[in-house]
Each structure stands twice: as C-alpha cells, then as structure tokens.
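> Build me a model:
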Amino acid sequence: MLPSLAEVLDLPVVRRARPRVVVGADRLDVPVRWVHVAEVTDLAHLLRGGELVLTTGIAMPDDDGALRRYVTDLAGVGISGIAVELGRKYRHGLPEALLEAARETSVPVVCLERETRFVEITEAVHSRVVSEQLAELRTSERLHTVFTDLSVEGAPPDRVLREAARLSGCPVVLENLTHQVLACDLNGEDPGILLTSWESRSRSVRNTRRTVHDPVTGWLVTMVGARGQDWGRLILVCGASPAPVQTVLVERAATTLALGRLLERHRESLERQTHRTIIAGIIDRAYSDPEEALVRARAVGVPLTGRTLVAVVLRLRDAGTGLATQARLSDVAEGAARICRELRLPALVGSLDDIRVGVLLAAPPEEDVERCLDRLAPLVHERVGTETVIAVGSPVDGIRQVRRSFLEARQVSDVAARRSDSRPYHRLPDLRLRGLLHLLRDDERLQTYVERELGPLLAHDARHGEDLTAILRHYLDAGRNKALAASRAHLSRPALYERLRRISHILDADLESVETCLSLHVALLALDAVRDRLSR
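Numbers count the residues shown, from 1 in each chain. So this is what the prediction gives:
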C-alpha cells in the first residue's frame, strides 16, 4: 500500500526540514505514489498523478493569475500535494493567490521551513514506495502458494473460506446466484448481525465488473464460476477502502472454489472408481459413441446388452461434510455392490456426488424389473441403513436412454429424502411441479431464470422496504382473480390495482397475459424452492 502524505511528512528526513501544513490538513491521507522535484511551472503534462511536487519556488511567477493556473493544472492531473522550501524566493510564507487556489482545488500545500536536500527526501520516499510494492508482491506470491495448494488438495469450500478469512482478517461469505448463503467464515463476527437480511442487502450490490467494491456496504464482491458458467459470488466484508492485496485474495479464493467444484474427489475402491467413471461418462455424455459404454461395462464384468436397464440412486438423507461423510458414502457404495453380487444382479455401482450413489441395474431377460427391485430394496435398508433413500428411474431398453433414467432417479431421491413415508423405494409419479423445482434449486440455470423474471421486483422491495412480491404472489395464487387477491392481501381493490400497475411497470410485464403470469408463478415457486434449502 502506498504511503500517505501524513506518513511522508513523518519521515525523519522530512521532519528535519520542519514541514508545516498550510493548506489541506484534512487531506493528509492522500497516497503518495512518487516524489517529483521541479522548478518550472509548465509541469502538469509531465506528471501521471499521485506525485508530491517539491520546489524551492524560485521559478514561480509573481502574477496571481499565473500562480492560480499553476496550482489548478497540477490539481487537474491529481497530484498528492505541493511542498515549497522557504528561503529562496519566499522567506516567511507563500503568496495568498497560491493558497487560495490550493484551497479551491483541495490540494495540500506544505512549507518546508528549513533548507534540506531534496535528493534525500526523494530517496527516502521512493525507498518506502518500492518497499511497499515488494511487500505486496511477496504477499501476492504467498496467496498464490496457499490457494494453489488448496486447489491441488481439492480442499472443500469451508476450508477455502477459512483460509481467505485468516489471510484477510475479514468475514468471507459464499452465496449462490439468488443471493442465498452457501457457506461462510465470519472470522469471529456475530452472525446475527452480519447475516441478518442478507438477501436484501446482497441484492443491492450489483456486479458491473467481474470484481467490484461497494463502498456503502464495504463489500468486495467477485463472481465464482468456471468454463463460462458462474454459479455464485464470493464476498469479502473488508470495509470502505480495500487494499489491492485483498482484491487479489478474493479473486484467488474464487478461482480455487471454482476449481474445487470441477475437481471433486471421492475415496473409493478401484472397482468403484471404474464403475463411477463409466456411469459419469453415460450421464455427462462423455462418450462420442454411446456403444463405448457397453464395451467398457462388459470389460468390468457387467453386461448391459439385451437387458432392461434401470437407474437407481441411493441418497444419504442427512447430507454432512468432511471425511466422515465420504467414508459413509463409500460404505453405501460397497454395500450396494455386495448386495447386487449376492442377488446375482449385474450392476454398475459408483458414487455420483457427495451424497448419492448410483446403481445402473441390468435386469436379466427372464426376471421382471419390479421383482429385482423388491429383492434389492429390503436388503439395502437392512444392511446399509434405513436412512438411505432409494429412488428409481424409468426402465429403459438401451444405453442411450440411461442418462434420462439417472436424472429422473436423482430428482426423485432429493424429494423423497424430505419425506417420511415407509415406501421401500420411490418413483417419479410422486413428484409435482413444486417438487421438481425444489430438486433443481441449485441449478444455475434455474437461479438465473428466477433473477431474470423476478430480480427487478425483489431489488425494488429490498431498496424501498416494500413487499410487492407478496402482492404478486396473492394475485397469481388467486388465479388472477383480483377480488380474491385483494381480500387475501387485506387491500381494497383500487389499492391492489395500483400495486399491480407498479409491479407491471417494474417487471415490464403484462399481468393480463396468461403466459406471462404462468412464467412469473413458476419463478415464484422456484424462488421458494431456492430459499427452502436454507430453512431446513
């Protein structure tokens, strides 16, 4: 960080010159980038801003207008101040015209009352500036090392945030695209204060660039994402004036989080890793020819050709974090694989993510799929645990449809994890629109859709302390029946009409259009699903 003018004046070599601030005592916090010695008045075009100009004043004009132009030109390029040594031309004080111009342009002016060697001042200040720059480079290198190591280790988000908070000394918050907190390290701050009304305050801070600082909240905000797809924002609560190194820190932390999401690792046996790779290739469409999956599966002893294929997802009901959860997930995968071998059911078994295990079941031609599931499910509950949810996708006849079956089963597992019924396994017909949106709540595309449809209205409510979003919800829940909506909102019909006009203007939407209202209603349900993730 560059030294301030006050710090420069406090240097021993400058103090020996007996500096006296005659203008701008309230602006001594201005940073000094360099010191420029000059005895000419045609100087402004040579400067870049941030310089402290040292002069004996010997070449300064006697004309008041010329003096004013001298100061005005220097102020125009953004100098840090003017220091004039008394004794050569001005013995006891500086001309009033120069001082008036300095006051008008807010340029600090300092009198040096004792003769001094300017070269000693420039050497001292420049040494301080270069030392600060070297310190920033060392700090930047340290940050690079820390976050590179975290990336290589595949550190979880909570550890990345903990390191960011430790290195910065500030609270750090990771949020998704709909401004819900995903993780945080508050660095000792009171969560009741820092996280209260988080969504409303976060919506007031917009990213006009990749990384921005909001002076009102004191937040340094950067986008988090990779491969051109942003999925969140990382926020450093650093105060009114962030240091350059803090910007480097928050951007490096965001990059580490993005890489960590791409490079999640799981501790599994070699067989589970092989099965997981094949399943992931099918789901992610990594194979240029889907038939390649059949060849790979056959090579590991799981024939998929000529059989009815069904995706089964085993989901941990209570999603935890850390090594304990990874070990538990590994136990589920190994247990499911053993059960399939005992029942002589050919299957690929491997983890899908941090809370789910995928099973691609290949039912023999002579055996009904329902019978296979009826045999499998009780043993899974018995040996793996009743807290493991079993979700089943639709049976398919070929490898090209397996991806759809897995996506379906994964969605079913998330909704079933929040239910308490005693079914041995769950299928898609149990779901409705709310359930589907709930399952997609972490998808950046759904979050982006919510922001596109409702973002201006939510931002308006946050800025003005209103709740027009609730009025819109009443209107849509009432099937666009305005009388019923007014009754539910406890408003007169004219008051409801006025609010609906404002909502229409804010969203630039026609609330008489069935299609528009349907889109907004779906966005509201999706918003509920996103917010519901935190309330559970």
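
> so who does the nearest residue to Ala337 once chain neighbours are set aside touch?
When the adjacent residues along the chain are set aside, Ala337 lies closest to Val349, with 4.3 Å between them (Cβ to Cβ, 6 or more residues apart in numbering). Glycine gets a C-beta too; all of them are placed from N, C-alpha and C. Taking Cβ atoms under 8 Å, 6 or more residues apart in numbering, we find Val349 in contact with 272, 275, 333, 336-337, 340, 357-360.

> Out of those residues, flag the one nearest to Val77.
Sorting the contacts of Val349 by how near they are to Val77, with Cβ to Cβ, puts Gly358 at the top with 64.0 Å.

> Distance from the helix or strand hosting the residue nearest to Ala337 to the middle of the chain?
When secondary structure is defined by DSSP states H and E, Val349 falls within strand 347-351. In terms of Cα atoms, centre = their mean, to the nearest Å, the centre of strand 347-351 is set 33 Å apart from its chain centre.

> how far does stretch 210-223 stretch from start to finish?
Using Cα to Cα, to the nearest Å, the end-to-end distance of stretch 210-223 comes out at 6 Å.

> which element follows the lowest-mean-pLDDT helix or strand in the chain toward the C-terminus?
Among the secondary structure pieces of the chain, namely its helices and strands, helix 433-439 has the lowest mean (mean pLDDT, DSSP states H and E), a mean of 74. Next in sequence after helix 433-439, counting helices and strands by DSSP H and E, comes helix 444-464.

> what's that next one packed up against?
In terms of contact count using 3 or more Cβ pairs under 8 Å, 6 or more residues apart in numbering; DSSP states H and E, helix 444-464 is assigned the packing partners helix 198-203, strand 229-237, helix 468-477, helix 493-507, helix 514-535.

> just to revisit the earlier point, any idea what the residue nearest to Ala337 is bridged to?
Val359 (DSSP bridges).

> I'd like to know how far it sits from Val332.
Counting by Cβ to Cβ, to the nearest Å, the separation of Val349 from Val332 is 9 Å.

> what's the overlap in contacts for those two?
When contacts are counted by Cβ under 8 Å, 6+ apart, Val349 and Val332 are jointly contacted by Val357.

> Confirm Ala391 sits in a strand?
Yes: following the definition DSSP: H, G, I helix; E, B strand; the rest coil, Ala391 is counted among the residues of a strand.

> who's in contact with it?
Contacts for Ala391 (Cβ under 8 Å, 6+ apart) come out as 312-313, 315, 409-413, 416, 425-427.

> Please repeat the previous calculation with a cut-off of 6 Å.
Contacts were defined as Cβ atoms under 6 Å, 6 or more residues apart in numbering; by that measure Ala391 touches 313, 409, 412-413, 416, 426.

> For it, name its beta-bridge partners.
Val313, His426.

> And it, what's its pLDDT?
Ala391 is assigned a pLDDT of 92 by the prediction.

> And the one 5 residues further on, by the same measure?
pLDDT, Val396: 93.

> show me the contacts for it.
When the contact criterion is Cβ under 6 Å, 6+ apart, the partners of Val396 are 309, 405.

> any idea how far it is from Arg371?
As defined by Cβ to Cβ, Val396 lies at a distance of 18 Å from Arg371.

> Likewise for Ser487?
54 Å.

> before we move on, what about Thr277?
From Thr277 over to Arg371 (counting by Cβ to Cβ), the distance is 30 Å.

> out of the two, which sits in the busier spot?
For Thr277 versus Arg371, neighbours defined as other Cβ atoms under 10 Å are more numerous around Thr277 (15 against 10).

> Dihedrals phi and psi, that one?
When read as degrees, to the nearest 10, the backbone of Thr277 gives phi -60, psi -40.

> got the contact list for the closest residue to Glu85 other than its chain neighbours?
In space, not counting the residues next to it along the chain, Glu85 is nearest to Leu112; the distance is 4.3 Å by Cβ to Cβ, 6+ apart. Under the criterion of Cβ under 6 Å, 6+ apart, the contact list for Leu112 reads 17, 19, 83, 85.

> again, only this time at 10 Å
Under the criterion of Cβ atoms under 10 Å, 6 or more residues apart in numbering, the neighbours of Leu112 are 9, 14, 16-20, 54-56, 83-87, 118, 121.

> measure it to Arg68 for me?
In this view, Leu112 and Arg68 are 22 Å apart by Cβ to Cβ.

> so where's the longest helix in this structure?
helix 118-153 (DSSP state H).

> What is that one packed up against?
helix 5-9, helix 12-15, strand 34-37, strand 51-55, strand 81-85, helix 157-168, helix 244-262 (3 or more Cβ pairs under 10 Å, 6 or more residues apart in numbering; DSSP states H and E).

> Turn these into JSON lines, including mean neighbour count, distance to Ala102 and mean pLDDT.
Conversion of the helices and strands packed on helix 118-153 to JSON lines gives the following (neighbours: other Cβ atoms under 10 Å; distance: least, Cβ to Cβ, whole Å; pLDDT from 0 to 100):
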{"stretch": "helix 5-9", "mean neighbour count": "20", "distance to Ala102": "13", "mean pLDDT": "87"}
{"stretch": "helix 12-15", "mean neighbour count": "14", "distance to Ala102": "19", "mean pLDDT": "88"}
{"stretch": "strand 34-37", "mean neighbour count": "17", "distance to Ala102": "17", "mean pLDDT": "88"}
{"stretch": "strand 51-55", "mean neighbour count": "23", "distance to Ala102": "12", "mean pLDDT": "90"}
{"stretch": "strand 81-85", "mean neighbour count": "24", "distance to Ala102": "7", "mean pLDDT": "91"}
{"stretch": "helix 157-168", "mean neighbour count": "21", "distance to Ala102": "37", "mean pLDDT": "90"}
{"stretch": "helix 244-262", "mean neighbour count": "21", "distance to Ala102": "29", "mean pLDDT": "87"}
